Each structure stands twice: as structure tokens, then as C-alpha cells.
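Peer 1: Give me a model of this one.
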Amino acid sequence: MLVSVILVAMGVGGAWLTLAGAGAPTGEDRAIQRAEDFGKSTIVWSQGPSLRDGRVVQLDGLQEALSSLPLPTRYDVDVAGLERQYGANRRVALVILRGTYNSLPPDEGVDVYGNIVVLVDVKTERVILPDVG
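Peer 2: Numbering: from 1, shown residues only. Prediction:
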């Protein structure tokens, strides 16, 4: 009987520790969320956006991570310049949002269907692309 009580207590305690640890967002999770929130709140969207991709990469792997995107979107990201400015080993949250957005917010341009790339520095959680100064 005592052994059963101890085993149940250990099981409950282990489950609690697992759940408590699973609920805490990591720096990577926060950076991805920051990038997604920035893109959704800063861009004027007329349709969407939907999250096409959200992951953490090192800047020296960014070109490969962007390879599935259409050329115009890839050309919007100066990977070499980012590597020079932040270092090739800098980890960034890469978020790609897709939808219909205004090309010159607020509502001064035309509606464009496509992808928006947002990068957030994982260490500082600062948006580095688009460059917001």
C-alpha cells in the first residue's frame, strides 16, 4: 500500500514538472511570436495573413531557408548585408507571412498578394527586418 502511494505521488509530481516546463516559452518561441505579431500589426493586410513558415535559423543558413520563396521576395532580403551587420552565427526568428497586403502602407500603394519576411534577433527580440530603425 505504501509503495502504491509513493508511486502515485512520483507519477503526479513528474507529470506536474513536465507540464510546468512545457508551458514556459523559450527565447526562440518568443522571437517567432514577436516576428509574427510585428508582421500582422505593422503591415496593412486586406486578406490574411497566414503563417507560411516560422523557425529559428542562423544568418549563414538564411539564404537556404529562403530558397523556396519566389525570387522577388528573396531579393528583398539582403542576406550578405545582415551577415556583415550582425554576424553569420547570429540566430534569428524567420517568419514568412502570406496574404494580400498594401505595398505602401497606410493604404497609399496597391494591394499585392505575396509573402512578407520578418526577422527578429533571438537574443534581443528586436525586429531586424523589415528595418524599422
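Peer 1: Specify the local secondary structure of A80.
Peer 2: Recorded secondary structure, A80: helix (DSSP: H, G, I helix; E, B strand; the rest coil).
Peer 1: how many other residues sit next to it?
Peer 2: 12 (other Cβ atoms under 10 Å). Bear in mind the C-beta positions are built from the backbone N, C-alpha and C, glycine included.
Peer 1: gap between D111 and D29?
Peer 2: Per Cβ to Cβ, to the nearest Å, D111 is found 32 Å from D29.
Peer 1: I misspoke; the intended subject was P49.
Peer 2: Applying Cβ to Cβ, the value for P49 to D29 is 19 Å.
Peer 1: Neighbour count for those two, which is higher?
Peer 2: P49 (19 against 14).
Peer 1: Give me the contacts around stretch 39-47.
Peer 2: Contacting residues not belonging to stretch 39-47 are listed as 49, 95, 97, 99-102, 105-107, 111, 113, 116, 118, 130, 132 [Cβ atoms under 8 Å, 6 or more residues apart in numbering].
Peer 1: Give me the neighbour count for the closest residue to P106 other than its chain neighbours.
Peer 2: Closest residue to P106 apart from its sequence neighbours, by Cβ to Cβ, 6 or more residues apart in numbering: V44 at 5.8 Å. Residues lying near V44 (other Cβ under 10 Å) number 15.
Peer 1: So for the chain, the centremost residue is which one?
Peer 2: Nearest to the geometric centre of the chain sits I32, at 2.8 Å (Cα atoms, centre = their mean).
Peer 1: doesn't L51 make contact with that one?
Peer 2: No: applying Cβ atoms under 8 Å as the test, I32 and L51 come out as separate, 9.3 Å apart.
Peer 1: Overlap of the contact sets of these two?
Peer 2: Shared contacts of I32 and L51, defined by Cβ under 8 Å, 6+ apart, comprise V95.
Peer 1: what about the nearest residue to P72 once chain neighbours are set aside, neighbour count?
Peer 2: Excluding the flanking residues, the one nearest P72 by Cβ to Cβ, 6+ apart is G114, at 7.5 Å. Per other Cβ under 10 Å, the neighbour tally for G114 reads 15.
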